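[1] Provided below for reference: sequence and predicted model.
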Amino acid sequence: MKIRITFTEPLLGTVSGNKEVTKEFIASKHPQGVQPDELRAIESLDEAIDKSSTCFFRDAENGKPFLFDYQIKGFFKASCEAMLGMETHTQEELKRVRLTRYLFKKTLDTMLFIQPRKIPLNIPENKALSELVLFSDGQICGQCERPLRADTMKGERIALAKSEAAPIGTIMEYKIIVLNKKLEVYLRPWLDYGVFIGQGQWRNSGCGRFTWRELTSE
């Protein structure tokens, strides 16, 4: 199943501008550590990017921004988890495809795959990353800055976060492969969830929302 994603709200980068932090984070999540293509993408990050900000991976050959396949898979995990909370499917139905609350992440890790490995972000011709762009309701977003609040043992803490933004109209295309064909029926509802919760940083505010359409029936 090949699809085209069109972002209806700005997509914010998720990669730390601090290269060492990014390497350590990826290594902690990957059993074989940082992979060669990930290392090249990290090294291609602009040195001018503030280390307190988040940005996009860059292609080492052409400098264009992209998402790795595992970042897309993360969206599907979030969509599946939301579906489980809606209780639109019976427990018996979900058990048959191993999509219970305790198994769904492992199921998607082993049965759902995204191609290619690197998914280019195609920015509209008249726009660019890091320039002032608009939310669909007219709010301004460029190098998107916002406060982060967290309740801790010592009380509420507030920090300022800044993220590189890909503008509305940015497009990406990828192929979804599921090894268990019984999972295919869930793909479309999961993708439809992108209208409400998208990808990237600050998703709960509406950033990264998208629409999609199928390009082929493969």
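    That came through fine. Numbers count the residues shown, from 1 in each chain.
[2] low-confidence ranges in this structure?
    16-52, 128-162, 217-218 (pLDDT under 70).
[3] ok, which stretches of it are helices?
    For the chain, applying DSSP state H gives helices covering 19-29, 36-43, 69-86, 91-96, 104-111, 184-192.
[4] Name the residues that touch the third one?
    Defining contact as C-beta atoms under 8 Å, 6 or more residues apart in numbering, one finds that helix 69-86 is touched by 14, 89, 94, 99-101, 104-105, 108-109, 112-119, 174, 186, 189-191, 193-194, 197-199. All C-beta atoms are positioned from the backbone trio N, CA, C, and that covers glycine.
[5] Of all the residues in it, which ones are buried?
    69, 71, 72, 73, 75, 76, 77, 78, 79, 80, 83, 84 (16 or more other C-beta atoms under 10 Å).
[6] Excluding covalently adjacent residues, which one is nearest to residue 207?
    In this structure, residue 207 finds its nearest non-sequential neighbour in residue 12, 5.1 Å apart by C-beta to C-beta, 6 or more residues apart in numbering.
[7] Pretty sure the one you found sits against residue 201.
    Yes: using C-beta atoms under 8 Å, residue 12 is in contact with residue 201, at 3.8 Å.
[8] Look at those two and report which has more neighbours.
    Shown here are residue 12 and residue 201; by other C-beta atoms under 10 Å, residue 12 has more neighbours (27 against 21).
[9] Which neighbours do residue 12 and residue 201 have in common?
    54, 163, 207, 208.
[10] Inside strands: which ones of those residues?
    If you go by DSSP state E, the shared contacts of residue 12 and residue 201 have 54, 163 in strands.
[11] so how many other residues sit close to residue 2?
    14.
[12] Likewise for the one 3 residues further on?
    The local packing of residue 5 (other C-beta under 10 Å) involves 25 other residues.
[13] Test of understanding: give the bridge partners of it.
    Beta-bridge pairing of residue 5 under DSSP bridges involves residue 172, residue 212.
[14] Is it correct that it is in contact with residue 172?
    Yes: between residue 5 and residue 172 there is a contact under C-beta under 8 Å: 5.0 Å.
[15] Now do residue 116: how many residues are near it, please.
    Counted with other C-beta under 10 Å, residues neighbouring residue 116 total 12.
[16] Over to residue 100?
    Neighbour count of residue 100, defined by other C-beta under 10 Å: 12.
[17] list the contacts for it?
    The contact partners of residue 100, by C-beta under 8 Å, 6+ apart, come to 84, 91, 94.
[18] what separates residue 209 from residue 196, distance-wise?
    Shown here: residue 209 relative to residue 196, a distance of 7 Å by C-beta to C-beta, to the nearest Å.
[19] and what of residue 204?
    Residue 204 sits 10 Å away from residue 196, taking C-beta to C-beta as the criterion.
[20] quick one: which of those two has more around it?
    More crowded of residue 204 and residue 196, by other C-beta under 10 Å: residue 196, with 11 against 7.
[21] Pull the contacting residues for the more buried one.
    residue 209.
[22] repeat that for 7 Å
    By C-beta atoms under 7 Å, 6 or more residues apart in numbering, the contact set of residue 196 is empty.
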